[in-house]
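K.L.:
Okay, sequence plus prediction incoming.
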Amino acid sequence: MKQIKVTVEKTNTGFSAGADKYPVYTAGDSLEEIKANITEALNLYFEYKAIPAITADNIKLVLDLASFFNFYKVINAKALSERIGMNQSLLAQYINGAKKPSAIQTRRILKGVQQIGKELVEMQFLL
């Protein structure tokens with residue numbers, strides 16, 4: 001089975017998640033918990049519909065900015081804003097939900113985060 005897109009959003013009580021093409025929803029406090037919960041919920045739904053079971057490897061989590069920065073607190077929003085050339089206050093407003101970023105701004109932020117990830121993957125330390 002191909003990847004199932006699951007949207008994760010920050011709520012007042014934690015995080016909620018829903019499968020985009022199936023009527024399946026869950027909640028959790030961590031990405032691991034959400035992935036486990038949504039996999040279990042999808043498999044219950046699939047069992048009812050006689051669809052083959054899936055594993056967590058079939059789940060693709062998609063996060064809003066607030067959820068991303070909440071899960072990955074190690075990423076400094078101020079440093080990221082400087083790196084991608086975005087006003088720090090504007091990025092903070094996107095993160096706390098005061099403003100909604102356009103698709104262009106969202107791609108700009110994602111590109112900056114992915115570039116940092118790529119650099120970290122390629123990093124080596126002296127032994």
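P.N.:
Structure's in. What do you need?

K.L.:
any idea how far stretch 49-57 is from the chain center?
P.N.:
Relative to its parent chain, stretch 49-57 has a centroid offset of 21 Å by Cα atoms, centre = their mean, to the nearest Å.

K.L.:
Using neighbour counts, pick out the buried residues of that stretch.
P.N.:
Along stretch 49-57, these residues count as buried under the neighbour rule (16 or more other Cβ atoms under 10 Å): I54. Any C-beta I mention is one placed from the backbone N, CA and C, and that applies to glycine too.

K.L.:
pLDDT of that stretch, averaged?
P.N.:
Averaged across stretch 49-57, the pLDDT comes to 95.

K.L.:
any idea how the chain splits into domains?
P.N.:
Taking automatic domain parsing as the criterion, the chain consists of the domains 4-63, 65-122.

K.L.:
what's the offset of the first one from the middle of its chain?
P.N.:
If I follow you right, that is domain 4-63. Chain-centre distance of domain 4-63: 12 Å, with Cα atoms, centre = their mean.

K.L.:
now swap in stretch 53-69 and tell me
P.N.:
Taking Cα atoms, centre = their mean, the mean C-alpha location of stretch 53-69 is offset from the chain mean by 6 Å.

K.L.:
now do stretch 68-75
P.N.:
Taking Cα atoms, centre = their mean, the mean C-alpha location of stretch 68-75 is offset from the chain mean by 10 Å.

K.L.:
Kindly report the same for stretch 80-94.
P.N.:
19 Å.

K.L.:
Quick check: buried residues in that stretch?
P.N.:
Neighbour-count burial for stretch 80-94 [16+ other Cβ under 10 Å]: 80-81, 84, 86, 91, 94.

K.L.:
So what's the model's average confidence on that stretch?
P.N.:
96.

K.L.:
repeat for stretch 105-112
P.N.:
For stretch 105-112, mean pLDDT is 96.

K.L.:
now, which of the buried residues of stretch 80-94 sits nearest L110?
P.N.:
The closest of the buried residues of stretch 80-94 to L110 turns out to be I84 (Cβ to Cβ; 9.8 Å).

K.L.:
and the gap between the closest one and N70?
P.N.:
Using Cβ to Cβ, to the nearest Å, we find I84 at a distance of 19 Å from N70.
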